[in-house]
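Peer 1: Just need the structure, nothing else, for what follows:
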Amino acid sequence: MAVFVQMPKQGNTVEECLLVEWRVREGDSVKTGDILCAIETDKASFEVESTASGTVLKLLATAGELVPVLANIVAIGAAGEAVDAATAAAPAPAAPAASVAAAPAPAPVSPPAAPVLTPRVASPAVTPAQSTAAAVSPRARQLAAANAIDPGSLSGSGINGRVTSQDVQASIDSGASPRLTPLAKAVKAETGLVAGSGSGLGGLVRARDLVSGAVLRERPVLTDLPPENIPYKGVRKLIGDRMAQSLREHAQLTLNSSADATALLAIRKAVKENAETYGLPKISMNDLVCWVVAQTLPFFPEVNAIFDRAGATVTRYHGVQLGVAIDTPRGLMVPVVPDAHRLSPAALANIVAQYVVDCRKGSILPDLLQGGTFTVTNLGALGVETFTPVLNTPQVAILGVCAITDQPARGTGGEIVLQPRMGLSLTIDHQVVDGAPGARFLQAVVKGIENINLSLALLGAL
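Peer 2: Numbering: from 1, shown residues only. As a prediction, the model looks like this:
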């Protein structure tokens with residue numbers, strides 16, 4: 001009897017995954033543990049392993065398709081065995097709705113258990129009339145709103161007729177020709193210009209969007225290499241959508257300051273020189289700043305909080321679930337260090353170092369990419385002296401760590417000296433955090449960095 005491998009469940013909030021590419025073809029022989037395909041969520045990339053040995057009888061999804069979690073994606077069995085079409089197409093069971101009520105700070109998580117591969121009975125089809133607001137996925141709702149589409153008018157292909165982002169995208173792609181404003185139609189008819197990318201609502205082409213191929217061809221060639229078209233999809237698109245959503249939904253205000261990094265540089269140098277003698281891990285400047293932030297946040301719950309817009313609730317935390325932004329080839333990822341306020345700099349550095357490896361390999365657990373109460377992001381290594389970090393929704397504050405530069409300062413004797421100073425950029429959601437509490441937190445972080453020697457000595461923390 002054929003065994004169906006399902007799209008694995010990647011965390012409690014992931015409803016569908018992008019099937020990036022197949023690593024097998026129909027007719028191939030596979031063993032348990034062989035890689036079948038690569039998938040992506042909105043936060044990370046993964047590989048799906050075979051749960052059975054045999055012949056790949058049928059691929060039930062196509063590369064580039066968004067597939068609901070727990071849906072069958074491939075059938076494996078004996079060569080020549082028939083595949084039960086009804087069982088293969090059975091929809092995944094509906095997942096319980098996620099609560100919007102504020103929950104306690106998350107505890108460290110363990111790897112999610114593999115789904116049980118058992119056949120399911122198909123649920124009744126849902127007509128478009130049943131596609132209510134509750135039967136539209138959040139991602140589909142955002143995509144529909146951005147393209148002036150009523151999701152309730154679409155037939156849902158998801159669980160119990162749920163409208164998915166794939167359904168909305170199919171509706172967008174089905175347009176035979178771009179929609180033009182009346183003025184754009186008149187200008188096009190008179191000039192022969194062609195429609196470019198629409199800048200109006202829902203992709204509507206305005207008169208200013210009309211372009212001339214001849215004019216474009218007359219532009220000087222700057223390189224012999226042809227232009228490269230990079231599809232805006234997968235993790236890159238989902239990250240971009242989240243950033244745009246964050247800017248739309250939050251009144252973002254950035255406060256800039258700087259801290260004397262003399263003590264920080266001295267500790268970093270001492271740790272580096274004595275790491276082998278005392279068995280110390282590699283501790284970066286960012287690790288030390290993250291530790292200072294984690295020690296400071298419990299005294300400032302105003303910025304260690306999440307904002308539930310739908311429930312009109314701000315939840316403030318005294319424990320710190322610290323998000324650390326990590327640059328990867330697939331885009332920016334923000335894994336969360338649970339209970340960071342309880343960790344020594346060395347322990348925190350060990351966790352972050354492992355997160356960097358896992359994020360860049362694409363093997364980070366999805367549940368580690370959610371539940372943060374505050375985020376630190378660092379562009380200092382790239383020489384950036386100040387920037388505007390974008391809030392990591394639903395958090396209400398994020399700290400940007402900038403480069404250390406020599407700046408003039410007054411010495412102990414009144415003389416002017418050059419002092420290494422680290423730039424710090426704090427973005428807050430001004431809807432729920434006033435400027436003064438944000439400034440006081442930033443001031444406390446500055447003092448924590450400048451007096452890190454005292455903190456380490458008092459806590460014996462290293």
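Peer 1: who's in contact with stretch 303-316?
Peer 2: Residues from elsewhere that reach stretch 303-316 (CB atoms under 8 Å, 6 or more residues apart in numbering): 100-102, 249-250, 297-298, 301-302, 317-318, 320, 373-374, 394-397, 426, 428-429, 431-433, 437-438, 441. For glycine as for every other residue, the C-beta is placed from the backbone atoms N, C-alpha and C.
Peer 1: buried residues in that stretch?
Peer 2: 303, 304, 305, 306, 307, 314, 315 (16 or more other CB atoms under 10 Å).
Peer 1: circling back to that earlier point, derive a PyMOL selection command for the buried subset of the contacts of stretch 303-316.
Peer 2: Written as a PyMOL command, the selection of buried residues from the contacts of stretch 303-316, which uses 16+ other CB under 10 Å, is:
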select buried, resi 102+250+297+301+302+317+320+373+374+394+395+396+397+426+428+429+432+433+438+441
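Peer 1: Could you chop this structure up by domain?
Peer 2: 3-88, 128-173, 182-217, 236-459 (automatic domain parsing).
Peer 1: can you pull out the helices in the stretch 151-300 of the chain?
Peer 2: In the stretch 151-300 of the chain, the segments counted as helices under DSSP state H, counting those that start in this stretch are 165-173, 182-191, 213-217, 234-249, 262-278, 285-296.
Peer 1: So in the protein, where's the weakest helix or strand by average pLDDT?
Peer 2: When the helices and strands of the chain are compared on mean pLDDT, DSSP states H and E, helix 213-217 comes out lowest with a mean of 43.
Peer 1: I'd assumed residue 390 was in contact with residue 247.
Peer 2: Yes. Under the contact definition of CB atoms under 8 Å, residue 247 touches residue 390, with a separation of 6.5 Å.
Peer 1: Neighbour count: these two, which is higher?
Peer 2: When residue 247 is set against residue 390 and neighbours are counted by other CB atoms under 10 Å, the residue ahead is residue 390, at 20 against 13.
Peer 1: Enumerate every residue touching the more buried one.
Peer 2: Under the criterion of CB under 8 Å, 6+ apart, the contact partners of residue 390 comprise 243, 246, 247, 252, 398, 427.
Peer 1: Can you tell me the closest non-neighbouring residue to the fourth one?
Peer 2: Spatial nearest neighbour of residue 252, excluding adjacent residues (CB to CB, 6 or more residues apart in numbering): residue 427 at 5.4 Å.
Peer 1: Got the phi and psi for the one you found?
Peer 2: phi -100, psi 130 (degrees, to the nearest 10).
Peer 1: averaged over its residues, what pLDDT does stretch 417-428 have?
Peer 2: Taken as a whole, stretch 417-428 has a mean pLDDT of 95.
Peer 1: sorry, that was for stretch 67-80
Peer 2: Taken as a whole, stretch 67-80 carries a mean pLDDT of 90.
Peer 1: Next, the buried residues of that stretch.
Peer 2: Applying a neighbour-count criterion of 16+ other CB under 10 Å, one finds 67, 68, 69, 70, 71, 72, 73, 74, 75, 76, 77 buried in stretch 67-80.
Peer 1: Tell me the span between the first and last residue of that stretch.
Peer 2: The first and final residues of stretch 67-80 sit 26 Å from each other (CA to CA, to the nearest Å).
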